[in-house]
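> only geometry, no sequence info:
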């Protein structure tokens, strides 16, 4: 069964850090680009970051550049999103998605999607 499972979300104070994980089962991540998306209540879904297969390219939403870092460990079939200096505006459900090869800005172009993990940044 093909599955993406996110973990690592939670409640954190402004300025804090979290590391999200996206673990794949039922297929090998190596040939896939992985995107991290988020959606907050009343807001449109947006791509936060993406890493292509073979780590040739990475992409970041302007508002998270310098704070978030995406990485992948193909041996563990897992992609990570390290989030530092978190802000209340980062509060959202974060989910990962996979598509072959290269990144796409639209979640509609991804073949597999996880269920998401809640990130809440609040004092």
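Right, received. Where do you want to start? Note that the coordinates shown come from a computational prediction; the quantities given were computed from them, not determined experimentally.
> The chain: helices as residue ranges?
Applying DSSP state H to the chain gives no helices.
> Pick out the residue closest to the middle of it.
Nearest to the geometric centre of the chain sits residue 36, at 2.5 Å (CA atoms, centre = their mean).
> tell me the contacts of that residue?
Residue 36 makes contact with 20, 22, 47-50, 70, 79, 81, 94-96, according to CB atoms under 8 Å, 6 or more residues apart in numbering. C-beta: built from backbone N, CA, C; applies to glycine.
> Look at it and report its pLDDT.
If you check residue 36, the pLDDT there is 98.
> how close does it get to residue 107?
10 Å (CB to CB, to the nearest Å).
> again with residue 60
Separation of residue 60 from residue 107 (CB to CB): 16 Å.
> got it, and residue 116?
To residue 107, residue 116 is 11 Å away according to CB to CB.
> what does residue 95 give?
Remark: distance between residue 95 and residue 107 (CB to CB) = 9 Å.
> and what of residue 21?
Distance from residue 21 to residue 107, by CB to CB: 19 Å.
> Ok, residue 57 next?
Distance from residue 57 to residue 107, by CB to CB: 18 Å.
> More neighbours: those two, which one.
residue 107 (16 against 12; other CB atoms under 10 Å).
> what sits in contact with each of residue 95 and residue 107?
The contact sets of residue 95 and residue 107 overlap at 37, 113 (CB under 8 Å, 6+ apart).
> Please report the number of neighbouring residues for residue 82.
Residue 82 is flanked by 15 other residues according to other CB under 10 Å.
> could you list every residue that touches the residue nearest to it when sequence neighbours are not counted?
Leaving aside its sequence neighbours, residue 82 sits nearest to residue 69 (CB to CB, 6 or more residues apart in numbering; 4.5 Å). Counting by CB under 8 Å, 6+ apart, residue 69 makes contact with 81-82, 84.
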